[in-house]
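Participant: just coords:
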């Protein structure tokens, strides 16, 4: 009986260790600076010129990342909560209030970003999408 309990506890501990380490791998994959390369009808050149990016490098606390974004004018801030392996919730989206010549990208991004519910990291790419399948695609800023 003692041997069975010891084996069960051993497997339980191993399961917890593997589960925790896999969560860290996923977090490490998403905790990067990401450059926006595909969004709505904006060309890649427009996105690069605007230096469009999100920053998810802050420490994760209670499955939440305090993130930032830039779409060419104002600094944006938000909270991203990792709900599960491929689910994310964006909340508390705000920004500085500078008036700029071309606000179209920033306005569209802000509106759509709040609707994001899903994320997928594939290699050096991050895809965020809403429940209707609308997507925005990013590439890791540290990737050559």
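Facilitator: Cool, got the structure. Everything quoted here is computed from the prediction, not taken from an experiment.

Participant: Only C-alpha atoms from now on, for both contacts and neighbour counts.
Facilitator: Noted.

Participant: now residue 45, what's its secondary structure?
Facilitator: Classification of residue 45 using DSSP: H, G, I helix; E, B strand; the rest coil returns helix.

Participant: so what's it scoring on pLDDT?
Facilitator: For residue 45, the model assigns a pLDDT of 96.

Participant: Any idea how many residues pack against it?
Facilitator: 11 (other C-alpha atoms under 10 Å).

Participant: Now do it against residue 134, distance only.
Facilitator: Remark: distance between residue 45 and residue 134 (C-alpha to C-alpha, to the nearest Å) = 20 Å.

Participant: All the strands of the protein, in order from the start?
Facilitator: 33-39, 53-55, 64-70, 75-82, 88-95, 118-122, 125-129, 135-140 (DSSP state E).

Participant: strands paired with the last one, and their directions?
Facilitator: Taking DSSP bridges as the criterion, strand 135-140 sits next to strand 33-39 (antiparallel), strand 125-129 (antiparallel) in its sheet.

Participant: ok, back up a step: which one of the strands of the chain lies closest to residue 104?
Facilitator: Between residue 104 and the strands of the chain, the shortest gap by C-alpha to C-alpha is with strand 33-39, which sits at 12.1 Å.

Participant: average pLDDT across that closest one?
Facilitator: The model assigns strand 33-39 a mean pLDDT of 98.

Participant: In it, which residues are buried?
Facilitator: 33-39 (16 or more other C-alpha atoms under 10 Å).
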